[in-house]
Structures are given as C-alpha cells and as structure tokens.
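Enquirer: my questions concern the predicted model and sequence given below.
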Amino acid sequence: MLIDVNALLAFLAVFIGVCLGFGVLVLLIIALVNIIKTLRKVNKLLDNNGVSIDEAVKKLPQLIGSIDKTVISVGETSESVRDTFFDSSPPSDTVSSIAGIIEGVSSVVISFLSRRK
C-alpha cells in the first residue's frame, strides 16, 4: 500500500476542516447556553419587578409634563434676568466714584503712615 502525497494532503485538509468545524460547533453551543442563562435572568428580573416597572411607565407622561413646565419656567426666568441685567444702567459711574474714594482714603493712610516713621 503506497500513500500518495496528494492523498495525504487531502486527508489532512479534511481532518483539519472537520476539527475546525467541530470547534466552531462547540463554541456556538457554549454561546447558546450563555444566551439562555441570560434570558432566564432577564425574565426573572422582569417577573420580580414587573409591578414597579408598570408604575414607573405610567408616571412617565406626568414626569415629562413636569419637566416641560420646568424648562419653560427656567426659560422665562433666564429671559427676565437677562433683560434686567442688560437693561439696567451700567454701574461704571458708581464703580469709578467708589474707586476715587478708595484712592483718596489710601493716599491719606499712606501719608499718615509715612509721617509716623
């Protein structure tokens, strides 16, 4: 019995293909088992918290309405603050007069301290 190189290569190719196919099949079975476990956990979670989830979903429209009202109120308040802030007279006159007073007081204090030495 003589083994041909082509026959040996064909046998090796078929053997490697079967091994790879078997490995992929095992990995698919493991993945399927993990998916089934996850689905069981999700179903258990939904069964345990079904009532709470239903209540939360029923409250969502009311919550969205409250958020809309809050956003509108904040928008109106920010417009009012912006109008008040930009429409008021610039405080530069007040700031410059305060700066002048501080400058005068500081010069008096400096001259008093310099005479004291």
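Expert: That came through, no problem.

Enquirer: could you use CA atoms for every contact and neighbour count after this?
Expert: Will do.

Enquirer: do you know how far the residue nearest in space to the middle of the chain is from residue 61?
Expert: Nearest to the mean C-alpha position of the chain, by Cα atoms, centre = their mean, lies residue 67 at 18.9 Å. Residue 67 sits 10 Å away from residue 61 when distances are taken as Cα to Cα, to the nearest Å.

Enquirer: same question for residue 34.
Expert: Residue 34 is 37 Å from residue 61, by Cα to Cα.

Enquirer: residue 49 now?
Expert: Counting by Cα to Cα, the gap from residue 49 to residue 61 is 20 Å.

Enquirer: and residue 64, what is it in contact with?
Expert: Neighbouring residues of residue 64 by Cα atoms under 8 Å, 6 or more residues apart in numbering: there are none.

Enquirer: and it, how far from residue 76?
Expert: From residue 64 over to residue 76 (counting by Cα to Cα), the distance is 18 Å.

Enquirer: residue 33 too?
Expert: From residue 33 to residue 76 the distance is 56 Å (Cα to Cα).

Enquirer: same thing with residue 5?
Expert: Distance from residue 5 to residue 76, by Cα to Cα: 87 Å.
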